[in-house]
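S.K.: sequence? don't have it. structure:
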């Protein structure tokens with residue numbers, strides 16, 4: 001089975017993020033594998049172990065992305081591919097990413113592609129569905145369970161307040177939701193082996209693409225932190241006095257009634 005995982009290098013939202021002139025200061029940011037992509041990696045490894053084959057992790061980025069690819073290899077992936085766009089593309093959005101990936105997958109054999117449901121830095125959740133549409137293959141998002149038997153996949157996906165079961169055929173693209181599995185940590189032997197595993201680097205010229213074909217369709221105007229919340233107010237006095245004061249505040253200050 002030929003299994004591919006779409007991986008994104010994202011900043012760690014649990015660490016301090018510095019903004020300057022409406023942009024994230026990357027020099028001070030910590031970067032990690034997008035957490036939802038870790039679920040996809042773990043599920044890919046489980047599929048390989050159960051059905052044989054190999055797992056290839058692929059990302060679009062720059063030279064700095066090699067660190068996260070090596071981490072994925074240390075987790076157990078067999079191969080890695082970096083499509084380096086640093087010198088070719090100024091801005092990259094979901095359209096750009098899916099268009100480049102589609103050109104790559106047009107020249108490789110695959111049975112299943114896995115990715116994270118969303119990236120924690122942008123949260124659009126568009127790359128997986130866009131890529132599947134370009135490849136004209138079935139796709140299922142926000143999955144919490146995946147079973148493959150022969151050419152058939154049975155999937156449980158998360159829907160608001162419930163779940164649904166879907167049966168479809170390979171080749172297939174799915175995006176992983178929290179709860180699908182528990183991603184493993186790279187082991188010391190895995191880290192040592194990762195240094196010798198193949199990591200191929202491509203540029204958009206290698207995919208017979210040019211900058212105009214993959215130019216971003218959207219533009220980020222500004223990034224800013226949410227406004228600080230005001231401190232809460234504790235109402236005192238008897239219950240009927242608190243109720244009266246609350247109604248007055250909601251009417252005169254909050255203006256919601």
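M.R.: Structure received. Since this is a predicted model, take the numbers as computed values, not measurements.

S.K.: Burial check on residue 225, number of neighbours?
M.R.: As a burial measure, residue 225 scores 7 neighbours (other Cβ atoms under 10 Å). In this view, the C-beta of every residue, glycine as well, is placed from N, C-alpha and C.

S.K.: What's the separation between it and residue 153?
M.R.: 41 Å (Cβ to Cβ, to the nearest Å).

S.K.: got it, and residue 230?
M.R.: Residue 230 is 50 Å from residue 153, by Cβ to Cβ.

S.K.: The two: which has the busier surroundings?
M.R.: Counted by other Cβ under 10 Å, residue 230 and residue 153 do not tie: residue 153 has more neighbours, with 23 against 6.

S.K.: which residues touch the strand or helix carrying that one?
M.R.: For residue 153, the host element (DSSP states H and E) is strand 152-159. With Cβ atoms under 8 Å, 6 or more residues apart in numbering as the contact definition, strand 152-159 has outside contacts at 112, 140-148, 163-170, 172, 174, 177, 179.

S.K.: Same check on stretch 85-102?
M.R.: Applying Cβ under 8 Å, 6+ apart, the contact partners of stretch 85-102 are 6, 58, 60-63, 83, 122, 124, 126-127, 130-131, 134-135, 203-205, 207, 209, 211, 213-220.

S.K.: Of these, which belong to strands?
M.R.: 6, 58, 60, 61, 83 (DSSP state E).

S.K.: Now do the strands for the stretch 51-200 of the chain: every range, in order, please.
M.R.: Remark: strands assigned in the stretch 51-200 of the chain by DSSP state E, counting those that start in this stretch are 54-61, 79-84, 112-116, 139-149, 152-159, 162-169, 172-176, 199-202.

S.K.: just checking, what packs against the longest helix along the chain?
M.R.: Secondary structure of the chain read by DSSP state H shows that its longest helix is helix 35-51. If contacts are counted by 3 or more Cβ pairs under 8 Å, 6 or more residues apart in numbering; DSSP states H and E, helix 35-51 sits against strand 2-6, strand 54-61, helix 66-75, strand 112-116, strand 139-149, strand 172-176.

S.K.: So which bits of stretch 132-151 are buried?
M.R.: Buried residues in stretch 132-151, counted by 16 or more other Cβ atoms under 10 Å: 132, 135, 137-146, 148.
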